[in-house]
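Enquirer: structure here, sequence nowhere to be found:
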(Lines give C-alpha, C1' and ligand atoms only; values in the text may rest on other atoms or scores of the structure.)
Protein backbone atom coordinates (compact mmCIF):
# COMPACT_ATOMS: atom_id res chain seq x y z
CA UNK A 1 0.00 0.00 0.00
CA UNK A 2 2.36 2.72 -1.20
CA UNK A 3 -0.19 5.46 -0.63
CA UNK A 4 -0.73 4.48 3.01
CA UNK A 5 3.01 4.28 3.63
CA UNK A 6 3.50 7.67 2.05
CA UNK A 7 0.79 9.18 4.26
CA UNK A 8 2.26 7.57 7.37
CA UNK A 9 5.66 9.00 6.63
CA UNK A 10 4.26 12.50 6.49
CA UNK A 11 3.25 12.19 10.15
CA UNK A 12 6.82 11.57 11.28
CA UNK A 13 9.24 14.43 11.95
CA UNK A 14 12.11 14.64 9.50
CA UNK A 15 15.72 14.81 10.67
CA UNK A 16 15.68 18.50 9.73
CA UNK A 17 12.53 19.08 11.82
CA UNK A 18 14.06 17.32 14.83
CA UNK A 19 17.29 19.27 14.48
CA UNK A 20 15.40 22.56 14.27
CA UNK A 21 13.38 21.66 17.37
CA UNK A 22 16.53 20.79 19.29
CA UNK A 23 18.11 24.09 18.24
CA UNK A 24 15.09 26.03 19.51
CA UNK A 25 15.07 24.11 22.80
CA UNK A 26 18.77 24.81 23.30
CA UNK A 27 18.17 28.47 22.55
CA UNK A 28 15.34 28.62 25.07
CA UNK A 29 17.52 27.05 27.75
CA UNK A 30 20.34 29.54 27.09
CA UNK A 31 17.89 32.42 27.37
CA UNK A 32 16.40 31.01 30.58
CA UNK A 33 19.84 30.74 32.16
CA UNK A 34 20.89 34.21 31.01
CA UNK A 35 17.83 35.88 32.52
CA UNK A 36 17.28 33.70 35.59
CA UNK A 37 20.84 32.97 36.71
CA UNK A 38 22.92 35.78 35.19
CA UNK A 39 20.41 38.70 35.22
CA UNK A 40 21.74 39.87 31.87
CA UNK A 41 18.94 42.44 31.52
CA UNK A 42 19.83 44.01 34.85
CA UNK A 43 23.50 44.13 33.87
CA UNK A 44 22.61 45.84 30.60
CA UNK A 45 20.56 48.51 32.35
CA UNK A 46 23.21 49.12 35.03
CA UNK A 47 25.96 49.54 32.43
CA UNK A 48 23.94 52.14 30.50
CA UNK A 49 22.97 53.96 33.68
CA UNK A 50 26.63 54.21 34.65
CA UNK A 51 28.13 55.32 31.35
CA UNK A 52 25.35 56.51 29.01
CA UNK A 53 22.38 57.73 31.10
CA UNK A 54 21.05 60.07 28.38
CA UNK A 55 20.23 57.01 26.23
CA UNK A 56 17.12 56.45 28.37
CA UNK A 57 15.63 59.91 27.91
CA UNK A 58 16.31 61.51 24.54
CA UNK A 59 13.31 63.22 22.86
CA UNK A 60 12.61 60.64 20.15
CA UNK A 61 12.62 57.81 22.65
CA UNK A 62 10.23 59.71 24.93
CA UNK A 63 7.77 60.07 22.04
CA UNK A 64 8.04 56.40 21.09
CA UNK A 65 7.59 55.25 24.69
CA UNK A 66 4.54 57.49 25.02
CA UNK A 67 2.99 55.77 22.00
CA UNK A 68 3.87 52.35 23.38
CA UNK A 69 2.49 53.09 26.84
CA UNK A 70 -0.79 54.34 25.36
CA UNK A 71 -1.56 50.83 24.12
CA UNK A 72 -1.14 49.55 27.68
CA UNK A 73 -3.59 52.13 29.04
CA UNK A 74 -6.42 51.69 26.54
CA UNK A 75 -7.20 48.12 27.62
CA UNK A 76 -10.38 48.23 29.70
CA UNK A 77 -12.34 45.04 29.11
CA UNK A 78 -9.65 43.50 26.87
CA UNK A 79 -7.97 40.13 27.22
CA UNK A 80 -4.25 40.91 27.00
CA UNK A 81 -1.15 38.74 26.74
CA UNK A 82 1.96 40.34 28.23
CA UNK A 83 4.54 38.59 26.03
CA UNK A 84 7.80 38.43 27.94
CA UNK A 85 6.19 39.93 31.02
CA UNK A 86 9.34 40.03 33.15
CA UNK A 87 8.59 40.96 36.75
CA UNK A 88 5.11 42.15 35.82
CA UNK A 89 5.44 45.94 35.88
CA UNK A 90 3.52 46.38 32.62
CA UNK A 91 0.98 43.72 33.60
CA UNK A 92 0.16 45.59 36.81
CA UNK A 93 -0.45 48.81 34.90
CA UNK A 94 -2.79 47.04 32.49
CA UNK A 95 -4.64 45.38 35.37
CA UNK A 96 -5.07 48.81 36.92
CA UNK A 97 -6.61 50.01 33.64
CA UNK A 98 -9.19 47.24 33.57
CA UNK A 99 -7.64 44.46 31.46
CA UNK A 100 -7.71 40.71 32.03
CA UNK A 101 -3.98 39.92 31.82
CA UNK A 102 -2.04 36.77 31.09
CA UNK A 103 1.75 36.95 31.26
CA UNK A 104 4.39 34.56 29.97
CA UNK A 105 8.13 34.73 30.55
CA UNK A 106 11.12 32.43 30.28
CA UNK A 107 12.22 33.08 33.86
CA UNK A 108 10.34 31.37 36.72
CA UNK A 109 11.93 33.89 39.08
CA UNK A 110 10.34 36.76 37.15
CA UNK A 111 6.99 34.94 37.10
CA UNK A 112 7.00 34.46 40.87
CA UNK A 113 7.72 38.16 41.36
CA UNK A 114 4.95 39.13 38.94
CA UNK A 115 2.42 37.04 40.84
CA UNK A 116 3.55 38.44 44.19
CA UNK A 117 3.29 42.01 42.95
CA UNK A 118 -0.17 41.50 41.46
CA UNK A 119 -1.45 40.01 44.70
CA UNK A 120 0.24 42.69 46.81
CA UNK A 121 -1.46 45.35 44.68
CA UNK A 122 -4.83 43.83 45.53
CA UNK A 123 -5.79 42.61 42.06
CA UNK A 124 -8.37 39.84 41.80
CA UNK A 125 -6.54 36.54 40.99
CA UNK A 126 -9.35 35.73 38.56
CA UNK A 127 -8.15 38.63 36.38
CA UNK A 128 -4.54 37.57 35.97
CA UNK A 129 -2.40 34.52 35.31
CA UNK A 130 1.37 34.25 34.92
CA UNK A 131 3.22 31.24 33.51
CA UNK A 132 6.88 30.40 33.03
CA UNK A 133 7.30 28.97 29.57
CA UNK A 134 8.54 29.12 26.02
CA UNK A 135 7.03 31.98 24.02
CA UNK A 136 7.50 29.95 20.81
CA UNK A 137 4.77 27.54 22.04
CA UNK A 138 2.37 29.14 24.49
CA UNK A 139 -0.39 27.27 26.39
CA UNK A 140 -3.24 29.49 25.12
CA UNK A 141 -6.09 28.58 22.78
CA UNK A 142 -6.43 29.96 19.27
CA UNK A 143 -7.97 33.42 19.09
CA UNK A 144 -7.78 34.12 22.83
CA UNK A 145 -6.43 37.67 23.00
CA UNK A 146 -7.46 41.14 21.89
CA UNK A 147 -3.93 42.45 22.40
CA UNK A 148 -0.44 40.93 22.63
CA UNK A 149 2.16 43.38 23.89
CA UNK A 150 5.86 43.09 24.63
CA UNK A 151 9.06 45.06 25.00
CA UNK A 152 12.49 43.83 23.91
CA UNK A 153 11.35 40.21 23.58
CA UNK A 154 11.02 39.27 19.90
CA UNK A 155 14.71 39.76 19.13
CA UNK A 156 15.48 37.02 21.67
CA UNK A 157 13.28 34.52 19.83
CA UNK A 158 13.07 32.74 16.51
CA UNK A 159 11.12 35.50 14.79
CA UNK A 160 9.10 33.34 12.40
CA UNK A 161 8.02 30.91 15.12
CA UNK A 162 7.19 33.67 17.57
CA UNK A 163 5.12 35.67 15.10
CA UNK A 164 3.26 32.54 14.02
CA UNK A 165 2.38 31.87 17.65
CA UNK A 166 1.29 35.46 18.26
CA UNK A 167 -0.90 35.34 15.16
CA UNK A 168 -2.46 32.10 16.39
CA UNK A 169 -3.44 33.34 19.85
CA UNK A 170 -4.78 36.71 18.64
CA UNK A 171 -8.39 37.19 17.67
CA UNK A 172 -8.99 38.29 14.05
CA UNK A 173 -8.50 42.04 14.08
CA UNK A 174 -6.49 41.79 17.30
CA UNK A 175 -3.40 43.90 17.75
CA UNK A 176 0.24 43.04 18.50
CA UNK A 177 2.48 45.87 19.75
CA UNK A 178 6.21 45.49 20.37
CA UNK A 179 9.15 47.79 21.02
CA UNK A 180 12.30 46.17 19.63
CA UNK A 181 15.92 47.19 18.98
CA UNK A 182 17.28 47.61 15.47
CA UNK A 183 20.53 46.38 14.00
CA UNK A 184 22.11 48.70 11.49
CA UNK A 185 23.27 51.87 13.27
CA UNK A 186 27.10 51.64 13.17
CA UNK A 187 27.64 53.29 16.56
CA UNK A 188 25.13 51.04 18.29
CA UNK A 189 26.66 48.02 16.54
CA UNK A 190 30.01 49.02 17.98
CA UNK A 191 28.51 49.31 21.46
CA UNK A 192 27.09 45.78 21.20
CA UNK A 193 30.43 44.38 20.08
CA UNK A 194 32.16 45.99 23.06
CA UNK A 195 29.62 44.78 25.62
CA UNK A 196 28.91 41.08 24.92
CA UNK A 197 28.43 40.26 28.61
CA UNK A 198 25.30 42.40 28.92
CA UNK A 199 23.39 40.61 26.19
CA UNK A 200 22.44 37.02 25.48
CA UNK A 201 24.14 34.73 23.00
CA UNK A 202 21.08 34.40 20.78
CA UNK A 203 19.55 37.87 20.75
CA UNK A 204 19.50 39.54 17.36
CA UNK A 205 18.16 43.07 16.79
CA UNK A 206 15.92 43.49 13.78
CA UNK A 207 17.58 44.00 10.41
CA UNK A 208 16.25 45.81 7.35
CA UNK A 209 15.23 42.40 5.98
CA UNK A 210 13.21 41.66 9.12
CA UNK A 211 11.34 44.95 8.75
CA UNK A 212 10.61 44.19 5.09
CA UNK A 213 9.29 40.77 6.09
CA UNK A 214 6.63 42.43 8.23
CA UNK A 215 5.73 44.89 5.50
CA UNK A 216 5.30 42.12 2.92
CA UNK A 217 3.39 39.75 5.17
CA UNK A 218 -0.17 38.83 4.25
CA UNK A 219 -0.88 38.02 7.91
CA UNK A 220 -0.53 41.54 9.30
CA UNK A 221 -1.45 45.14 8.64
CA UNK A 222 1.59 47.12 9.75
CA UNK A 223 2.11 50.61 11.12
CA UNK A 224 5.48 51.31 12.70
CA UNK A 225 7.24 54.16 14.48
CA UNK A 226 11.00 54.60 14.82
CA UNK A 227 13.44 56.54 16.94
CA UNK A 228 17.14 57.01 17.45
CA UNK A 229 18.82 57.24 14.06
CA UNK A 230 20.43 60.51 15.24
CA UNK A 231 19.05 60.86 18.75
CA UNK A 232 20.63 57.70 20.16
CA UNK A 233 24.21 58.38 18.97
CA UNK A 234 23.90 61.95 20.22
CA UNK A 235 22.63 60.69 23.59
CA UNK A 236 25.73 58.51 23.88
CA UNK A 237 27.95 61.50 23.10
CA UNK A 238 26.20 63.91 25.46
CA UNK A 239 26.28 61.31 28.24
CA UNK A 240 30.06 61.62 28.09
CA UNK A 241 30.37 65.36 27.43
CA UNK A 242 27.30 66.89 29.10
CA UNK A 243 26.28 64.33 31.72
CA UNK A 244 24.58 66.80 34.15
CA UNK A 245 22.43 68.16 31.28
CA UNK A 246 20.26 65.44 29.72
CA UNK A 247 18.00 68.05 28.10
CA UNK A 248 20.72 69.81 26.11
CA UNK A 249 20.97 71.78 22.89
CA UNK A 250 22.81 69.02 21.03
CA UNK A 251 20.12 66.49 21.83
CA UNK A 252 17.38 68.87 20.72
CA UNK A 253 19.22 69.64 17.48
CA UNK A 254 19.63 65.92 16.74
CA UNK A 255 15.93 65.41 17.39
CA UNK A 256 14.93 68.16 14.96
CA UNK A 257 17.13 66.63 12.28
CA UNK A 258 15.78 63.15 13.00
CA UNK A 259 12.19 64.33 12.69
CA UNK A 260 13.03 65.98 9.38
CA UNK A 261 14.29 62.61 8.09
CA UNK A 262 10.90 61.04 8.76
CA UNK A 263 10.80 57.28 8.21
CA UNK A 264 13.92 57.04 6.08
CA UNK A 265 16.81 54.82 7.21
CA UNK A 266 14.42 52.72 9.31
CA UNK A 267 16.84 49.99 10.37
CA UNK A 268 19.46 52.61 11.29
CA UNK A 269 17.32 53.71 14.22
CA UNK A 270 17.72 52.43 17.76
CA UNK A 271 14.15 51.16 18.17
CA UNK A 272 11.04 50.28 16.22
CA UNK A 273 7.55 50.29 17.67
CA UNK A 274 5.76 47.57 15.73
CA UNK A 275 2.01 48.08 15.56
CA UNK A 276 0.52 45.00 13.89
CA UNK A 277 -3.15 44.12 13.30
CA UNK A 278 -3.99 40.48 12.64
CA UNK A 279 -5.62 39.91 9.30
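Expert: All right, it came through fine. Quantities reported herein were computed from a predicted structural model and do not represent experimental measurements. Numbering: from 1, shown residues only.
Enquirer: scan this structure for its longest strand.
Expert: Determined from DSSP state E, the single longest strand within the chain is strand 170-181.
Enquirer: average pLDDT for the next helix or strand after that strand?
Expert: On the C-terminal side of strand 170-181, the closest following helix or strand by DSSP states H and E is helix 186-194. Averaged over helix 186-194, pLDDT sits at 87.
Enquirer: quick one: helix 186-194 to strand 170-181, angle?
Expert: 80 degrees (axes from the mean of the first three to the mean of the last three Cα atoms, to 10 degrees).
Enquirer: buried residues of helix 186-194, list them for me.
Expert: 188, 191 (16 or more other Cβ atoms under 10 Å). The C-beta positions use only the backbone N, C-alpha and C, and glycine is treated the same way.
Enquirer: list the buried residues in the helix or strand that it is followed by.
Expert: Where DSSP H and E defines the elements, the next helix or strand beyond helix 186-194 is helix 208-216. Within helix 208-216, the residues that count as buried by 16+ other Cβ under 10 Å are 210, 211, 214.
Enquirer: who's in contact with helix 208-216?
Expert: Here helix 208-216 makes contact (Cβ atoms under 8 Å, 6 or more residues apart in numbering) with 159, 182, 183, 184, 220, 222, 224, 266, 267, 272, 274, 276.
Enquirer: 7 Å instead, please
Expert: For helix 208-216, contacts defined as Cβ atoms under 7 Å, 6 or more residues apart in numbering pick out 159, 184, 220, 222, 266, 267, 272, 274.
Enquirer: gap between the last one and residue 162?
Expert: Separation of residue 274 from residue 162 (Cβ to Cβ, to the nearest Å): 12 Å.
Enquirer: and the fifth one, by the same measure?
Expert: In this structure, residue 266 and residue 162 are 20 Å apart, going by Cβ to Cβ.
Enquirer: so these two - more neighbours on which side?
Expert: Taking other Cβ atoms under 10 Å, residue 266 and residue 162 do not tie; residue 162 has more neighbours (23 against 18).
Enquirer: now do the contacts for that one.
Expert: Here residue 162 is in contact with 135, 136, 154 (Cβ under 7 Å, 6+ apart).
Enquirer: any low-confidence regions in the stretch 151-279 of the chain?
Expert: Applying pLDDT under 70 to the stretch 151-279 of the chain picks out no residues at all.
Enquirer: ranges for the helices of this structure?
Expert: For the chain, the helices defined by DSSP state H cover 2-10, 15-36, 40-51, 59-73, 89-96, 108-120, 159-169, 186-194, 208-216, 231-241, 249-261.
Enquirer: export the ones you listed to TSV and tack on distance to residue 128?
Expert: Shown next, in TSV, are the helices of the chain (distance: least, Cβ to Cβ, whole Å):
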stretch	distance to residue 128
helix 2-10	41
helix 15-36	21
helix 40-51	22
helix 59-73	14
helix 89-96	6
helix 108-120	5
helix 159-169	17
helix 186-194	35
helix 208-216	30
helix 231-241	34
helix 249-261	38
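Enquirer: no further queries at this time; thank you.
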